[in-house]
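Chemist: turn this into a model:
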Amino acid sequence: MQAPYDAGLAADVFAEAKNTFNWLIGQLTDPASGLLTHDRLEETIVEQGRELQRQLLQAHLDLRALREWQQAHHARQDTAAGASTPVVGPDGVPRPRLETGHHRLLATMVGTVTVTRCAWRAPGVRNLYPADAALSLPAVRHSAGLAKLAVIETVRGSFDAAHAALVARCGNVIGKRQIEQAIVQAAVDVDAFYAARTPLPCTACTVLAISVDGKGIAMRPEALRPATAKAAARARATFRTRLAAGEKPARKRMATLGVVYDAEPAPRRPHDVIAVPGGRSSRRLPRARPNATRKWLCGSVITGPGPVIAKVFDHAEARDPAHARPWVVLVDG
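Modeler: Okay, the predicted model is just below:
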């Protein structure tokens, strides 16, 4: 077994964070800071504040590691004395051997930290890390909060834009490929998420709305559908340095998207929808627009429009099997 942790670190694991906080206060109270503009002050506080948060998180993880080592050391002594049973993994194999100082990196929204934990070992089986289960650490380096933020930023635009937004907010803690992997991992339980949700019953006047649309996605040549692949093979580039009129930079594959939702009727007048000549007056306030509730979404880039549309109507039939409610179908094209 390795040597125990430094006693000085056990005395005050938050010393580095305290020093950073005091240094930041010193920066703000220094007479030279009175010459800084508001944007420079804002940048300083944001950058140093992020580092302070990272140090606080690191200190807390170090403190948990110290406590875990103390508990594991006492448990190992009790096991050797026969006062307790050895640690048993989920596979049912006892792990009597204790090793400390095992590290792994964790990229978070405030920066990358190091998680130190104890490992219970036995010949021929994988190590058991109780701290990983206590912290609910992911199998990958990036934290759940960082992955959630990556999903939020990605649905707003492209992967490049999401990566730029994450770097600006969290620093250089995640790459574009890791963002793509986080999106794929977050989408694997979409069907299970909707299967666990039961739509509440609605009245006969509640509108059942259906909408289907398509979205073109640029694909690699080998991923195109047969008809699009043939059209791409027949096409020839007119110019080498620029695109000709009407020429596309890449061939796309259509993804079909569908949604089903409920909406309470919200009758409105023409001036509630379009702009009124001369501007609106306080005497004729616009009425509230309808609000979509209990949304159910689906989509596919693998299959064609037919299976997605059929899936949408199947879900609508499940919501209103007797067709007692008014249906509204929105299509495009």
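Chemist: going by residue numbers, what spans are helices in the stretch 101-250 of the chain?
Modeler: According to DSSP state H, counting those that start in this stretch, the stretch 101-250 of the chain carries its helices in the segments 130-135, 144-154, 159-170, 176-186, 190-195, 226-234.
Chemist: quick one, the third one and helix 144-154 angle?
Modeler: Using axes from the mean of the first three to the mean of the last three Cα atoms, to 10 degrees, one finds that helix 159-170 and helix 144-154 are set 130 degrees apart in direction.
Chemist: alpha carbons only: can I get helix 159-170 in PDB?
Modeler: Output of helix 159-170 as PDB, limited to C-alpha atoms (Å, rounded to 0.1, in the frame of the first residue of the first chain):
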ATOM      1  CA  PHE A 159     -21.100  21.800 -33.700                       C
ATOM      2  CA  ASP A 160     -18.600  24.500 -34.400                       C
ATOM      3  CA  ALA A 161     -20.800  27.200 -32.800                       C
ATOM      4  CA  ALA A 162     -21.400  25.000 -29.800                       C
ATOM      5  CA  HIS A 163     -17.700  24.400 -29.400                       C
ATOM      6  CA  ALA A 164     -17.000  28.100 -29.600                       C
ATOM      7  CA  ALA A 165     -19.700  28.900 -27.000                       C
ATOM      8  CA  LEU A 166     -18.400  26.200 -24.600                       C
ATOM      9  CA  VAL A 167     -14.800  27.500 -24.900                       C
ATOM     10  CA  ALA A 168     -15.900  31.000 -24.200                       C
ATOM     11  CA  ARG A 169     -17.800  30.000 -21.100                       C
ATOM     12  CA  CYS A 170     -15.900  27.100 -19.700                       C
END
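Chemist: which other helices and strands contact the lengthiest helix in the chain?
Modeler: For the chain, the helix that runs over the most residues, judged by DSSP state H, is helix 38-80. Helices and strands touching helix 38-80, by 3 or more Cβ pairs under 8 Å, 6 or more residues apart in numbering; DSSP states H and E, are helix 7-11, helix 15-29, strand 97-108, strand 111-121, helix 130-135. (C-beta placed from N, C-alpha, C; glycine too.)
Chemist: residue 133 and residue 114, how far apart?
Modeler: 18 Å (Cβ to Cβ, to the nearest Å).
Chemist: state the mean pLDDT of stretch 66-83.
Modeler: For stretch 66-83, the mean per-residue pLDDT is 80.
Chemist: buried sites along stretch 255-267?
Modeler: Going by neighbour count (16 or more other Cβ atoms under 10 Å), the buried part of stretch 255-267 is 255-263.
Chemist: so among these, where is pLDDT lowest?
Modeler: Lowest confidence among the buried residues of stretch 255-267: residue 255, with 88.
Chemist: dump the residue contacts of that residue.
Modeler: 214-217, 299-301 (Cβ atoms under 8 Å, 6 or more residues apart in numbering).
Chemist: go again with 6 Å.
Modeler: 215, 217, 299, 301 (Cβ atoms under 6 Å, 6 or more residues apart in numbering).
Chemist: what's the last one sitting at in phi/psi?
Modeler: Here the main-chain torsion angles of residue 301 (degrees, to the nearest 10) amount to phi -110, psi -10.
Chemist: count the neighbours of residue 65 for me.
Modeler: 23 (other Cβ atoms under 10 Å).
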